[in-house]
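J.: Need a 3D model of the sequence below.
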Amino acid sequence: MNKKGMRIMMAMAIAMLCLSLVACASTPVTQSEKMEQKDSLRAMASQTLAQLYKNTPAAKSAITNAAGYAVFSDFGFKLSFMGGAKGKGVAINNTTKKETFMKMMEFQPGLGVGAEKFRLVLVFENSAAFNTFVTSGWEAGANAMLAAKSKTAGGGLAGAVSLSEGVYMYQVTEEGLIVGVSITGARYYKDTDLE
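T.: A predicted model of the protein is given here:
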């Protein structure tokens, strides 16, 4: 394929990605819809943790003893040279048990076509990292995500990867099986619709 054809294909992929994200944009929700969405996210988080603990028992102690954790369910897609994912989740402060409902967006460059659903569990060993995550949002750039691929944690966090000081992540299937980290950039932020 020549350079012009590659540029056209890339432009089409970017347009498809943008249209997909716009199509997923949220609309204002009623109070009962908020409660329904929150209950659904709580159930997803509970199910994800149960499956993770079943397949990786040491994760339970690591998550229970952490300052906080967050669980996200997302839907990823890949078209030609790029892909992305969008999802929702809940962050829990282990001390206060306060919930913060959040959204996420990810970017995945690379060849491929298809769609997949997976879940992320973020573990925050210290309260400073957790508080920054829920109050200011958080971004993991391509360099951090690429570095994470080579930093698998040990001990109670076996199977998780280190994203930054005191922040670890499990990327799992819906059945709770750990898979390799495939994201290369991510943004996490408060879901203002569910506040």
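J.: Residue ranges in the protein under the pLDDT threshold?
T.: The model of the chain has pLDDT under 70 over residues 1-27, 75-84, 107-116, 140-158, 174-185.
J.: where do the strands sit along it?
T.: Assigned by DSSP state E, the strands in the chain fall at 68-79, 82-93, 99-109, 114-124, 138-140, 161-164, 167-172, 185-190.
J.: winner for burial among these?
T.: When the strands of the chain are scored by mean count of other C-beta atoms under 10 Å, the highest mean neighbour count falls to strand 167-172 (a mean of 24). Glycine gets a C-beta too; all of them are placed from N, C-alpha and C.
J.: Which secondary structure elements does that strand sit against?
T.: In terms of contacts (3 or more C-beta pairs under 8 Å, 6 or more residues apart in numbering; DSSP states H and E), strand 167-172 is packed against helix 31-55, strand 114-124, strand 161-164.
J.: Ok, which of these comes nearest Asn65?
T.: Minimum separation from Asn65 across the helices and strands packed on strand 167-172 (C-beta to C-beta) falls at strand 114-124, 9.5 Å.
J.: So in that sheet, which strands flank that closest one, and in what orientation?
T.: Under the criterion DSSP bridges, strand 114-124 sits next to strand 68-79 (antiparallel), strand 167-172 (antiparallel) in its sheet.
J.: Rebuild the helices and strands packed on strand 167-172 as JSON lines, extending it with distance to Val134.
T.: Shown next, in JSON lines, are the helices and strands packed on strand 167-172 (distance: least, C-beta to C-beta, whole Å):
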{"stretch": "helix 31-55", "distance to Val134": "14"}
{"stretch": "strand 114-124", "distance to Val134": "9"}
{"stretch": "strand 161-164", "distance to Val134": "15"}
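J.: out of the strands paired with strand 114-124, nearest to Val90?
T.: With C-beta to C-beta, the closest approach to Val90 among these belongs to strand 68-79: 6.2 Å.
J.: wouldn't Gly166 be in contact with Ser127 here?
T.: No - with contacts counted by C-beta atoms under 8 Å, Gly166 stays clear of Ser127, the gap being 9.5 Å.
J.: shared neighbours, the two?
T.: Shared contacts of Gly166 and Ser127, defined by C-beta atoms under 8 Å, 6 or more residues apart in numbering, are absent.
J.: one step back: out of the strands of the chain, the one nearest Ser61 is which?
T.: Distance to Ser61, taken as C-beta to C-beta, is lowest for strand 114-124 among those, at 10.9 Å.
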